[in-house]
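Trainee: Quick one: sequence plus predicted model below, questions after.
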Amino acid sequence: MKLNKTLSMVSALSLMAVSLAACGGGNNSGNASPSASGVSPSASSASPSASASGSAATGELKPEEGAKLLVWESKDERVFTDEIAAEFTEKYGVPVEIAEVAPTDQVTRLSTDGPSDLGADVVIFPHDHLGRAVTGNLVLENDVFGDVTKQENSDSAITGVTYNGKIYGYPRAAETYALYYNKSLVKEAPKTWDDVLAISKTLTDAKKNKFGIEWEVGNFYFNYPFIASTGGYLYGSNGTDKNDIGINNDGAVQSMTVYKSLKEVLPVKAADITPDIKRGQFTAGDIAMDINGPWELAGYKAALGDNLGVAPLPSFGDKPSVSFSGVKAWYVSSYTKYPNAAKLFARFASTKDAQLKLNKLVGSVPTNKEAQNDPQVKDDPVISAFVTQFNNSQPMPSIPEMNNAWSPAGAALTEIWDNGKDPKAALDAAAQQIKDLNNGTAK
């Protein structure tokens, strides 16, 4: 599910690497929104929405006469949507066409294809693109099924698909990172970062390029636990307040001391730890533990077999590690001519049963609380580890200012790791840079 990274994240990190060009297609502010192009969603999409609410009051939301839907889906997860669409058509008599569009491209595509009647009725994208979709008037609120969506899904998932207090998405999968470990080198997953340090001291041989643990130490996405687990945060008010920056508060500095201490067992420059290099080292048995996401699961299983273990991230004493997470969700286009049918599909394709089907077919991590506790998921030690970590996560902020954090935060991490800079001083500088970028005063 690699980007899926979340999601989105991968793209944000790519943008960071080319000088902050978030997350996937996050740097698309130049694309016309419906309002910017002078085209508004059709009147036909507004009135059925009102009737949908009325129908929902009686529990009888019905698709419009002659409705047909176009749904955008990723190539990697097309197998799921083919099946769920066939079931939807059988139940509601609404034909569904599926077109393959990368989730990170869908907001941009909808902003151009929507006004031309070429856009999908139902789209799916990582939640950190939601702010751009809402401010561009591209998606409809999840009004009919909003309450049941909130009841059924985890708090982290609902936070992810909510913008300015309104729920827009229909969550279907979660994405975060956890601790992979090689059971031939580490018998049991470490519970705390102190355990990680102790284990790694027995396994590290820098001259032979062998280490107890390795992760992308200069990447803000993977290092958010060293900010948030003891009280730090990026933006306040659940990631919605760009003026409240908490990456340099006392809590953040406290957990960053743990981050800095790990340099003892990983004496490697930040730039020398790339996804490809680390992947090769872990599959070859040269590193015992890796912090990574479910997108690496298939390759790691193939390489290590029964020796592969996955666990939630180590804790900071009695405080669990708080990771960044992404939420993939369905959204209904504001341009759809059939909003009733589109809302029914988004709901149908995101229920407990749908999420369990998605998990079975592509190994996704459910957001639905009952699905998370279903034996199919609960008895799977790998997926259940990701579920546990997801429920200890914070969704990446979906406001556009999220893009402004990657580069300054990554630079601060690199300064601390490579050059031993004082964490407080490095984080203060990063916070100021982010503030300046948010206010348009960066030099």
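Mentor: Here it is on my side, so go on. Quantities reported herein were computed from a predicted structural model and do not represent experimental measurements.

Trainee: what's around Lys260, how many residues?
Mentor: Residues near Lys260, counting by other CB atoms under 10 Å, number 16. (C-beta placed from N, C-alpha, C; glycine too.)

Trainee: Could you list the buried residues of the one helix or strand Ala412 maps to?
Mentor: Using DSSP states H and E, Ala412 falls within helix 406-419. Neighbour-count burial for helix 406-419, with 16 or more other CB atoms under 10 Å as criterion, is recorded at 406-418.

Trainee: just curious, which of these is nearest to Gln254?
Mentor: Closest approach to Gln254 among the buried residues of helix 406-419 (CB to CB): Ile416, at 13.9 Å.

Trainee: where along the stretch 1-150 of the chain do the strands fall?
Mentor: Here the stretch 1-150 of the chain has its strands, by DSSP state E, counting those that start in this stretch, at 69-73, 96-100, 122-126.

Trainee: helices or strands up against the first one?
Mentor: Contact here means 3 or more CB pairs under 8 Å, 6 or more residues apart in numbering; DSSP states H and E; on that basis strand 69-73 packs against helix 78-92, strand 96-100, strand 122-126, helix 339-348.

Trainee: Tell me which of the ones you listed lies nearest to Gly232.
Mentor: Across the helices and strands packed on strand 69-73, closest to Gly232 is strand 122-126 (CB to CB), at 23.0 Å.

Trainee: now for the closest one, which elements pack on it?
Mentor: The helices and strands touching strand 122-126, judged by 3+ CB pairs under 8 Å, 6+ apart, are strand 69-73, helix 106-113, strand 324-332, helix 339-348.

Trainee: Pick the most deeply packed of the helices and strands packed on strand 69-73.
Mentor: Among the helices and strands packed on strand 69-73, strand 122-126 has the highest mean neighbour count (mean count of other CB atoms under 10 Å), at a mean of 30.

Trainee: Output that strand as CSV, nothing but the C-alphas.
Mentor: Provided in CSV are the C-alpha atoms of strand 122-126 (Å, rounded to 0.1, in the frame of the first residue of the first chain):
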residue,chain,number,x,y,z
VAL,A,122,-16.9,8.6,-5.7
VAL,A,123,-13.2,9.1,-5.0
ILE,A,124,-10.6,7.8,-2.5
PHE,A,125,-7.6,9.7,-1.2
PRO,A,126,-5.4,9.9,1.9
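
Trainee: Just want the angle from it to strand 69-73.
Mentor: Calculated by axes from the mean of the first three to the mean of the last three CA atoms, to 10 degrees, strand 122-126 forms an angle of 20 degrees with strand 69-73.

Trainee: picking up where we left off before, mean confidence score for the helix holding Ala412?
Mentor: Mean per-residue pLDDT for helix 406-419: 98.

Trainee: just checking, next helix/strand downstream of it?
Mentor: helix 423-439.

Trainee: Taking helix 406-419 as reference, get the angle to that following helix.
Mentor: Using the same axes, to 10 degrees: helix 423-439 against helix 406-419 is 160 degrees.

Trainee: just how off-centre is helix 423-439 within its chain?
Mentor: 24 Å (CA atoms, centre = their mean, to the nearest Å).

Trainee: cool, stretch 408-415 as well?
Mentor: Distance, stretch centre to chain centre, for stretch 408-415: 21 Å (CA atoms, centre = their mean).

Trainee: Could you do stretch 66-82 as well?
Mentor: Centre-to-centre, stretch 66-82 and its host chain are 20 Å apart (CA atoms, centre = their mean).

Trainee: Output the contacting helices and strands for the helix holding Ala412.
Mentor: Checking 3+ CB pairs under 8 Å, 6+ apart, helix 406-419 ends up next to helix 9-17, helix 220-223, helix 250-261, helix 423-439.
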